[in-house]
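# Fold the following.
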Amino acid sequence: TIWWDYGDDDDGSQATPGVSDVKVKQDHDKPKKPPGKHWTQYDDNTTIWWYYEGPKGVWWMGPEHSEPQPYTSGEAGPGDDAA
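Coordinates of the predicted model:
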């Protein structure tokens, strides 16, 4: 979700994405840390990681993360050999 900053109505500025608003919105929509509803745990032999797909979008969290990370389709996850 992108929020738009329409600027001050008096200055005639064009609509531009409000980057700080996007960050706040993204953090606000982040799911709670696993385990929990909509989280699935995966064990890739040596790495245990979590995948979330639910009302707050698609996220993942590996052992190196302190918070859930947005998941991008096609992104190499834990245990994948990215070439």
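# Can you report how many residues neighbour the residue nearest to W60 when sequence neighbours are not counted?
Leaving aside its sequence neighbours, W60 sits nearest to Y71 (CB to CB, 6 or more residues apart in numbering; 4.6 Å). From N, CA and C alone the C-beta is placed, and that goes for glycine too. When counting by other CB atoms under 10 Å, one arrives at 16 neighbours for Y71.
# Show me what counts as buried in the longest strand along the chain.
Using DSSP state E, we find that the single longest strand of the chain is strand 48-54. Using 16 or more other CB atoms under 10 Å as the test for burial, strand 48-54 gives 49-52.
# Same question for stretch 41-49.
In stretch 41-49, counting by 16+ other CB under 10 Å, buried: W49.
# How far does it stretch from one end to the other?
Length of stretch 41-49, first residue to last, CA to CA, to the nearest Å: 6 Å.
# And for stretch 59-66?
Stretch 59-66 has an end-to-end distance of 13 Å (CA to CA).
# which outside residues touch it?
30-31, 33-34, 47-52, 67-71, 77-78 (CB atoms under 8 Å, 6 or more residues apart in numbering).
# Please apply the same query to stretch 33-53.
Against stretch 33-53 from outside (CB under 8 Å, 6+ apart): 31, 54-56, 58-63, 67-68, 71, 77-79.
# so for that stretch, what's the average pLDDT?
What stretch 33-53 shows for mean pLDDT is 95.
# Can you give me the end-to-end span of that stretch?
Using CA to CA, the end-to-end distance of stretch 33-53 comes to 13 Å.
# Stretch 35-51 too?
10 Å.
# same question, stretch 34-52
By CA to CA, the extent of stretch 34-52 from end to end equals 8 Å.
# Can you show me the strands along this protein?
Counting by DSSP E, the strands of the chain are 4-5, 16-17, 39-43, 48-54, 57-61, 69-70.
# partners of the last one in the sheet?
Using DSSP bridges, the strands paired with strand 69-70 are strand 57-61 (antiparallel).
# Show me what counts as buried in the partner strand.
Judged by neighbour count using 16+ other CB under 10 Å, the buried positions of strand 57-61 are 59-61.
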